[in-house]
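Engineer: One predicted model, sequence on top.
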Amino acid sequence: MPLHELWDDRGTLPAVRGEQLGLKEIAKIARHGPFRFVIADAGMSLQWVPIEERFAFWKTAKAHVLPRDAGGARLEDFGGYFYVATVWTTADRTPIVLLEMHH
């Protein structure tokens, strides 16, 4: 990691990696319409959160998101793992929030 492309069962997605996000930026994306979460964990397939489950997922995931301006992190400060969040843009403009897991 960091990832340079996103994919699903059909293949590589035409998505462009954007900036790192923090809690405020993710909340802003959530307020402005549909979006997707995807989790990247080294050595595993990407885990796409079903769109109808994104808010329930976010309730537990947000405690593990590394702040945007953090210079570093200790795993124990985040319950043993944390996510580095980035936004990806697709052709139809639906944002994808990638959560790259570190543990």
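Structural biologist: Cool, the structure landed.

Engineer: Just give me the longest strand of the protein.
Structural biologist: In the chain, assigned by DSSP state E, the strand with the most residues is strand 82-90.

Engineer: what mean pLDDT would you report for it?
Structural biologist: On average, the pLDDT along strand 82-90 is 94.

Engineer: Same question for stretch 49-69.
Structural biologist: Here the average pLDDT along stretch 49-69 is 93.

Engineer: Give the buried residues for that stretch.
Structural biologist: By neighbour count on 16 or more other C-beta atoms under 10 Å, the buried set for stretch 49-69 is 49, 54, 58, 61, 64-66. No exception for glycine: its C-beta is placed from N, CA and C like everyone else's.

Engineer: returning to what we had before: need the contact partners of the longest strand of the chain.
Structural biologist: For strand 82-90, the surrounding residues in contact (C-beta atoms under 8 Å, 6 or more residues apart in numbering) are 1-2, 6, 13-22, 25-26, 29, 39, 61, 64-66, 73, 75, 95-103.

Engineer: Take those and keep only those in strands.
Structural biologist: Checking the contacts of strand 82-90 against DSSP E, those in strands are 15-21, 39, 96-102.

Engineer: Max pairwise distance over the buried residues of stretch 49-69: which two?
Structural biologist: 54 and 66 (19.3 Å; C-beta to C-beta).
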